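Student: fold the following, please.
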Amino acid sequence: MPAVKKQPVNIIEPYVKIRNLSFSHENRKIFDGINMDIPKGKICAVMGVSGAGKTTLLKLIGGQLRPSCGSVKVDGKEVKKLSLPALYQLRKKMGMLFQSSALLTDLTVFENVAFPIREHSNLTNSMIRSLVLMKLQAVGLRGAQDLMPSQLSGGMARRVALARAIALDPMMLMYDEPFTGQDPISMAVLLKLIKTLNESLHMTSILVSHDVKETASISDYIYIISNGKMISHGTPRQISRTKDDNVVQFMKGLADGPEQFHYPAGDYCEELFQTVKGNNDS
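Tutor: So this is what the prediction gives:
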């Protein structure tokens with residue numbers, strides 16, 4: 001009987017593949033050998049306390065920073081080995097929603113969204129107009145196209161920034177603390193937009209945040225970073241069931257736990273009495 005020929009296994013490479021990544025800044029170790037896979041078409045959250053290096057990770061993925069050691073691959077390309085022109089081409093596939101929105105204050109809403117299209121394409125004004133109106137319609141702000149950034153609320157500014165981030169139809173969109181400073185309604189709108197845009201545009205999304213409940217509600221997978229290490233990863237359901245004290249403290253927002261309130265210091269009483277003694281001697 002002839003042997004049955006095995007069918008080749010179709011292995012789908014993650015859109016972002018990070019291996020043994022280490023990075024230091026001014027003698028401070030920010031990452032110490034972390035590994036991460038960001039699958040295509042999914043929303044992956046990177047979470048951790050303030051100062052854990054979440055924004056730094058986005059800069060390493062975008063090639064703004066170079067790792068001390070390890071590998072960061074985006075769409076199969078080793079970021080740190082790319083020439084400058086090749087890096088610029090890769091960045092065209094990336095959209096970025098900045099924490100501060102970073103709108104150009106002297107341009108209208110329309111021109112803010114049109115800016116990357118004008119810079120990176122040779123489209124006619126008519127085609128640019130159609131694209132901009134489509135992006136603004138997607139975020140519900142087509143009627144605000146003639147407003148200046150100073151006339152926008154915080155939530156509206158974030159949505160304009162999101163329209164600009166998707167202006168070139170990127171393969172991947174990175175969100176840097178998108179929910180910071182948002183009221184409950186704006187928060188709900190942003191959550192719905194991120195989920196809807198990811199599904200309709202078939203994008204890969206990396207969501208950096210420390211807003212636990214909101215981020216977990218739309219994420220397919222979560223990575224949690226603490227003290228330079230990847231302390232946990234999994235689906236929101238898996239993360240919610242973990243017994244790790246560091247993860248439980250962060251996810252539940254507990255004041256007491258491994259993450260200490262006080263910055264490392266010597267004995268308080270000893271230092272205090274030394275100060276008092278020094279003052280008396282003088």
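Student: which ones are touching the closest residue to Gly48 other than its chain neighbours?
Tutor: When the adjacent residues along the chain are set aside, Gly48 lies closest to Ile225, with 4.0 Å between them (CB to CB, 6 or more residues apart in numbering). All C-beta spots, glycine's among them, are computed from the backbone N, C-alpha and C. Contacts for Ile225 were tallied using CB atoms under 8 Å, 6 or more residues apart in numbering; they are Phe31, Ile34, Val46, Met47, Gly48, Ala52, Gly53, Lys54, Leu57, Ile231.
Student: how about the helices in the stretch 151-282 of the chain?
Tutor: Taking DSSP state H, counting those that start in this stretch, the helices of the stretch 151-282 of the chain run over residues 154-165, 184-201, 212-218, 236-240, 245-252, 268-281.
Student: could those go into JSON lines alongside distance to Met94 and mean neighbour count?
Tutor: Compiled in JSON lines, the helices of the stretch 151-282 of the chain are given as follows (distance: least, CB to CB, whole Å; neighbours: other CB atoms under 10 Å):
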{"stretch": "helix 154-165", "distance to Met94": "9", "mean neighbour count": "23"}
{"stretch": "helix 184-201", "distance to Met94": "13", "mean neighbour count": "16"}
{"stretch": "helix 212-218", "distance to Met94": "20", "mean neighbour count": "17"}
{"stretch": "helix 236-240", "distance to Met94": "25", "mean neighbour count": "15"}
{"stretch": "helix 245-252", "distance to Met94": "27", "mean neighbour count": "18"}
{"stretch": "helix 268-281", "distance to Met94": "47", "mean neighbour count": "9"}
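Student: let me have the ones you listed in CSV, extended by mean pLDDT and distance to Leu104.
Tutor: As requested, the helices of the stretch 151-282 of the chain are arranged in CSV below (pLDDT from 0 to 100; distance: least, CB to CB, whole Å):
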stretch, mean pLDDT, distance to Leu104
helix 154-165, 89, 9
helix 184-201, 86, 21
helix 212-218, 86, 28
helix 236-240, 85, 36
helix 245-252, 71, 35
helix 268-281, 69, 48
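Student: adding distance to Val139, write the ones you listed out as TSV.
Tutor: What follows is these, written out as TSV (distance: least, CB to CB, whole Å):
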stretch	distance to Val139
helix 154-165	4
helix 184-201	6
helix 212-218	16
helix 236-240	25
helix 245-252	30
helix 268-281	51
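Student: Val16 is nearest to which of these?
Tutor: Evaluated over these, closeness to Val16 peaks at helix 184-201, with 14.6 Å, by CB to CB.
Student: look up how far Met251 lies from Thr235.
Tutor: Applying CB to CB, to the nearest Å, the value for Thr235 to Met251 is 13 Å.
Student: Met96 looks like it's in a strand, true?
Tutor: Yes: counting by DSSP: H, G, I helix; E, B strand; the rest coil, Met96 is located in a strand.
Student: and which of the contacts of Ile225 is nearest Asn112?
Tutor: Within the contacts of Ile225, proximity to Asn112 (CB to CB) peaks at Lys54, which comes in at 25.2 Å.
Student: state the distance from the residue nearest to Gly48 to Lys80.
Tutor: Relative to Lys80, and taking CB to CB, Ile225 is found at 20 Å.
Student: remind me which residues of the stretch 51-200 of the chain are low pLDDT?
Tutor: Counting by pLDDT under 70, the stretch 51-200 of the chain has no low-confidence residues at all.
Student: quick one: the strands in it?
Tutor: Counting by DSSP state E, counting those that start in this stretch, one finds strands in the stretch 51-200 of the chain at the ranges 69-74, 77-78, 94-97, 172-176.
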